[in-house]
Structure formats: structure tokens, C-alpha cells
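[1] everything below, folded, please.
(chains A and B)
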Protein chains: 2
Amino acid sequence: MMTSGPFAVEARHQNKSARTRARLMDAAVEVFARDGFEAASVNEIARMAEVANGTFYVHFKDKDAIAANVAARIATDIADQIDRAMEGMDDALDRFGFATRQFIAFASSQPQWGWVIIRAASFLPEMHRQMETHMCADLEMGCRQGQISAEIDAFLVDTITSMVFAALAARLRGDAGPEAGSRVTELVLNMLNIPPQRAHEVAWQDITLKDLHLPTQPKTERLAH
Amino acid sequence: MMTSGPFAVEARHQNKSARTRARLMDAAVEVFARDGFEAASVNEIARMAEVANGTFYVHFKDKDAIAANVAARIATDIADQIDRAMEGMDDALDRFGFATRQFIAFASSQPQWGWVIIRAASFLPEMHRQMETHMCADLEMGCRQGQISAEIDAFLVDTITSMVFAALAARLRGDAGPEAGSRVTELVLNMLNIPPQRAHEVAWQDITLKDLHLPTQPKTERLAH
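    Residues are numbered from 1 along each chain as shown, chains lettered A, B, ... in the order given. Coordinates of the predicted model:
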């Protein structure tokens, strides 16, 4: 029973259709996290949301579609939290390195979600774009600071995102260890022609990772807005 | 009716089970190329192979599984053709640039197959590895030639493969033009700390792309081995 999941709370002043959709998304978060993406079923999501199967299909085409929506929301949410964690950090390369390492560390500490995000990324270009907005801001700051000379366009940003997702996937498969975030950060900075020594320093410096929260873990301040 | 597709021809001296499996793969090639991956169905593949649906499931778990097998074979086949096209080319960076640009140009000229390869790549790590074998050989040659100083390990090769697939996907979506192959080549060479001018030259030099063939287009020499 999901009457007060984070999506439902957000949608509580909207119309009935929006509230049902939100309840389905809360239920999907629960079911994916509990059963994993492969084992999760539309039946179980509908049951958890206390709606008929047919109602599910009014709102979403299939399991992939609701997963994509939920993953996009979670990715945005994580990106916002990372942005807040970087408040006051004003070197663009340090910001990029921190965000990349924090994202991979967090997503790999929640493997169910890590995989849903990766799956969604491959068939939901909008999710790519949402995450890219944050990354773009830091890269463009790097240009203004004179640290990056490459032109930041969609192709470049898409390439970087793919590198980060590949590192996350390697981490989730167990093919890479906790160093995956630092390694991909260094590769990206090399690709941007940052001097190798600076790239290495940014990628491997000690950082204190923050404790991020999934929308499945509603907190007081989350309920307040 | 597929009695003499390339997989069947190859399997003609094997046992009945291997021959049936090969016939299903030939049928899948036909159906995917004709209907596209999304619209293709197990029913239609079985019908085309002239076997019962149940027989399909003896050999493959589902449509994704047969697509992965077929895509892996096609990828290997393309990689072999590219290797032959590079005979006599002995600069490792030139080889890497040629192979990358040729692969993207070819896979994007066959969008049905391009998408199947991309889909397969995301859930079939072995396919990644098959393509990586070829790439590794060129990169290691680059190390021996003193052009690449980075250590070539699985993480690096996986990162490069992801970049190439991202470029292909951008090309297939129409987000990138024919320059995608050159752009990603230059980015990879930058990432490997090749001097920027040399990276640019390798990536954008005139090359004559070869006419590659899918296994759906059997040729005499293919039948001979």
C-alpha cells in the first residue's frame, strides 16, 4: 500500500489522473527496489498501487515506460542533491570530478537503481538530456574559467555521459572497483585536453562523498515543498 | 523460406540441432532486416525458419537473445571485413581511425542492423568483448610504436567502445551527421593523450571507405570456406 510515497505527496493537489499516475510511480519505485527490474511485473505494480491492471495502461505503455519515468525522476533528484552538495565549490573541473565520482558511487551503492538508470538511459534520450543539463553547466563554467578549450556541444556532452554510464555499468557488473569514478573522470579530462597532471590530481584527490537519498526515503524537508 | 542463409551454409555439416539453430538465426536476420527489431516477433522468425514456436524456445530464450547472437555474429563479421580492408596499413592510430569511421559509416548505412547492434551491446557483454579484441590489437600496436603511453586495460577499452557506440547511436538518431566517426576518433585520441594536431589529422584525413557486406548478402567466397 503506497498512499504517501514521494510522487503521491507531490501530486496531492493535482487532479485524480495525476494522483493515480503518481501512485503508480511510487509503487514502481517500491517494486523495482524490492524485486529488481527483471522480476518486477506490471501486475505487481498495479496491485501495490491499488489500481486495476487496465488503469496502469492508461498511464504507461509498459514496464519499460514506467521505469524510464521513474529513473528520470530519480536521476534528476540525485543530480539536484549533488548540486547542493557542491555549493561553494567554484572550480569547474573539481565540480565535474566530484559530481561524476559521487554519481557513480551512489548509483553503484544502489544496484537495483543503478541498473534501472542505465537501462532507461539507453532508451530514453530525455533522461540523458536531464543529466546533461547539470554537466553542461559545469563544463561551460570550465570554458569561462579558461580551463577547457573544447567547444561544448551536444555530441561532446553525449560522449561524456556515455563514458560515465559505461563506468557505472562496469562497476555494477563487478568489472571495475571503487576507482571507476576516478578513472572515468581522468579519461574525460584527458579527452578535454586538460594537462595530464591536473587531470590526474582532480580525478584522484580525496573527496568526502555525501549521503544522498532516493525518493524512496522521504525526508521531512522533502515533504515540505 | 531460408534454406541456404549464411548461418545454415556454415552449419551444413553439423548435427540437426545446430542446423535448426542456424536456420533460426538466418530467419532472424531476414525478419529483423525486413520488419525492424521492434516489430519482429518470435512467431514470424519461427514461421520463416519453418519450425514450430516451441522449437524456437529450445534454442533461444526470447527475441532479445536471438538478436544478441545474430548481432554478435554480424559485428564479428564486420570487424573481420574491416581488418581485411586495413591490410598493409601499419600505423596503429591510422588503423584505429579507419576502423572506427568505417564501422560507424557502415552500421549507420544499415540502420536496422545498427540499432540491433546497439541494443545487443547494452545487454550482451560478450559482444562488446568480441569487438574489443580487434580494437585492442590496434591499441597495443600503438603502445609498441610508442604512440600511446596509456596502459590498455579492460576499463579503457570498454570506455572507448562505449564512446564509439554512443557516436553510432547519435548518428542513427539523426543527432549527428556523417562527421560522427571523425569526431569520436578525435575524442578517443585526445583521451589517449595523442598530440592534438596528430589526433585531428588522423581523425579527419581522407579515407576511402570499403564496401562491406552483411551476412544477409552471401557472396561466392563466403560460401567457399
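[2] could you report the pLDDT at residue A:32?
    On pLDDT, residue A:32 comes in at 81.
[3] one more: residue A:223?
    At residue A:223, pLDDT is 41.
[4] with residue A:158 instead?
    So residue A:158 comes in at 92 (pLDDT).
[5] tell me the first helix or strand C-terminal of the strand or helix carrying it.
    For residue A:158, the host element (DSSP states H and E) is helix A:154-173. Past helix A:154-173, heading to the C-terminal end, the next element that is a helix or strand (DSSP H and E) is helix A:180-191.
[6] distance of the residue nearest in space to the middle of chain A from chain B?
    The residue lying closest to the centre of chain A (C-alpha atoms, centre = their mean) is residue A:75, at 2.4 Å. Residue A:75 is 17 Å from chain B, where distance means C-beta to the nearest C-beta, to the nearest Å. For the C-beta atoms, the positions are set from N, CA and C on the backbone; glycine is no exception.
[7] what residues does the helix or strand harbouring that residue touch?
    Element membership for residue A:75, per DSSP H and E: helix A:63-85. Contact with helix A:63-85 is made by A:7, A:24-25, A:28-29, A:32, A:37, A:40-42, A:45, A:56, A:59-60, A:98-99, A:102-103, A:106-107, A:113, A:116-117, A:119-121, A:123-124, A:126-127, A:130-131, A:133-134, A:210, A:212-215, as judged by C-beta atoms under 8 Å, 6 or more residues apart in numbering or on different chains.
[8] buried members of these into PyMOL, please.
    Buried residues within these, by 16 or more other C-beta atoms under 10 Å in any protein chain shown, are selected in PyMOL with:
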select buried, chain A and resi 7+24+25+28+29+32+37+40+42+45+56+59+60+98+99+102+103+106+107+113+116+117+119+120+121+124+127+131+134+212+214+215
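[9] restrict the contacts of helix A:63-85 to contacts with chain B.
    residue A:119 (C-beta under 8 Å from any C-beta of the partner chain).
[10] so what's the residue nearest to residue A:24 when sequence neighbours are not counted scoring on pLDDT?
    When the adjacent residues along the chain are set aside, residue A:24 lies closest to residue A:49, with 4.7 Å between them (C-beta to C-beta, 6 or more residues apart in numbering or on different chains). What the model reports as pLDDT for residue A:49 is 95.
[11] run a quick check on residue A:49 versus residue A:22, I expect a contact.
    No: the criterion here is C-beta atoms under 8 Å, and residue A:49 misses it with residue A:22 at 9.3 Å.
[12] residues near residue A:177, how many?
    11 (other C-beta atoms under 10 Å in any protein chain shown).
[13] residue A:154 reaches residue B:175, doesn't it?
    Yes: taking contacts as C-beta under 8 Å, residue A:154 lies within contact range of residue B:175: 6.4 Å.
[14] at the contact with chain B, which residues of chain A appear?
    So far as C-beta under 8 Å from any C-beta goes, chain A lies against chain B at A:118-119, A:122, A:125, A:154-156, A:158-159, A:161-163, A:165-167, A:170, A:173, A:175-176, A:180, A:183-184, A:187-188, A:190-193, A:196.
[15] and residue A:70, how far from residue A:106?
    16 Å (C-beta to C-beta, to the nearest Å).
[16] and what of residue A:195?
    Noted for residue A:195: a distance of 29 Å to residue A:106, by C-beta to C-beta.
[17] what's the helix or strand for residue A:130?
    helix A:125-144.
[18] show me what that helix is packed against.
    Helix A:125-144 is packed against helix A:63-85, helix A:92-109, helix A:111-123, helix A:154-173, with contacts defined by 3 or more C-beta pairs under 8 Å, 6 or more residues apart in numbering or on different chains; DSSP states H and E.
[19] what residues of it count as buried?
    A:127-128, A:131-132, A:134-136, A:138-139, A:141-142.
[20] so it versus helix A:111-123, what angle?
    Angle of helix A:125-144 versus helix A:111-123, following axes from the mean of the first three to the mean of the last three C-alpha atoms, to 10 degrees, is 90 degrees.
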